[in-house]
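Colleague: Return a 3D structure for these sequence lines:
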Amino acid sequence: MNTTVTDQDLKSMDRRHRATLLNSLAGFRTAILVGTLSENNVPNVAVFNSLIHFGADPALWGLVMRPDPMNRDTYRNIQRTGKYTLNYLPAEYAKNVHQTSAKYAAEQSEFLACGLTPRLNISDGAPFVAEAKIKILMELVEAVPIHLNETTIVIGRPTLIDYPAAMVSDEGFANLSEENILGCIGLDAYYTAKSVVRFEYAKPGVEAIKKT
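Modeller: Numbering: from 1, shown residues only. I've put the predicted structure just below:
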């Protein structure tokens, strides 16, 4: 038996229930730790699940910043330095990753509070997470305000990407499941991905062909 929810149902729904439902229905996403540096050079890190691929030429990725104090600290740090890092951790760090979502004071390092290790060269302008399997240094390109709900899409370009060589195929496909990279649904449920199948480029009238 299915449940059908209308627009009016959503409007009258308990706020937390509505937020949990809509967030989880958005599906599986990678749990990204975003590293930034505060005005007093305190390394900070917070979990995000909203990485958006905007294009490869030029290479552009976006992050949704929600209008709450935790994300605003991250956003202010990015605005000030123009730099931030994206860090992909393996599943055994799920507890540490989730703990970074707590609302710590702006000048308290989440690294120390959450049992993570900052790796920082001041020239990078932002700290990496030493425990991360994939580490990406980003440079801010544009911040786009979404006035409907006061969120902001931070658009940046990768300037350095570090990953296990065996994870990426000769054609450039990054198989995140090979490194047991942590994913999530909503704000508190964590998963790992299992590869099912890959196909060759689809063409009209031609049966889909599995990649070998």
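
Colleague: quick one: contacts of the worst-scoring helix or strand of the chain on mean pLDDT?
Modeller: Every helix and strand of the chain was ranked by mean pLDDT, DSSP states H and E. The lowest is helix 69-81, at a mean of 85. With contact meaning C-beta atoms under 8 Å, 6 or more residues apart in numbering, helix 69-81 is reached by 34, 36-39, 44, 46, 48, 65, 84, 101-104, 106, 125-126, 140, 143, 152, 154. C-beta: built from backbone N, CA, C; applies to glycine.

Colleague: Narrow these to those in strands?
Modeller: Of the positions in these, 34, 36-37, 44, 46, 48, 65, 84, 140, 143, 152, 154 sit in strands, assigned by DSSP state E.

Colleague: wait, which of those is closest to Arg119?
Modeller: Comparing those against Arg119 with C-beta to C-beta places Leu37 closest, at 12.2 Å.

Colleague: For that closest one, give me its contacts.
Modeller: Taking C-beta under 8 Å, 6+ apart, we find Leu37 in contact with 43-44, 77, 81, 83, 120, 125-127.

Colleague: quick check, His17 in a helix?
Modeller: Yes - looking at His17 with DSSP: H, G, I helix; E, B strand; the rest coil, it is inside a helix.

Colleague: Tell me how many other residues crowd it.
Modeller: If you count neighbours by other C-beta atoms under 10 Å, His17 ends up with 10.

Colleague: One more: the one 3 residues further on?
Modeller: Applying other C-beta under 10 Å, we find 15 residues neighbouring Thr20.

Colleague: Following element in sequence after the helix or strand hosting it, please.
Modeller: Counting by DSSP states H and E, the element that carries Thr20 is helix 15-25. Once the chain leaves helix 15-25, the next helix or strand it forms, by DSSP H and E, is strand 29-30.

Colleague: List the contacts of that following strand.
Modeller: If you take C-beta under 8 Å, 6+ apart as the criterion, strand 29-30 is touched by 49-51, 88, 176, 181-185.

Colleague: run the last query once more with 7 Å
Modeller: Contacts to strand 29-30, defined as C-beta atoms under 7 Å, 6 or more residues apart in numbering, come from residues 49, 51, 88, 176, 181, 183-184.
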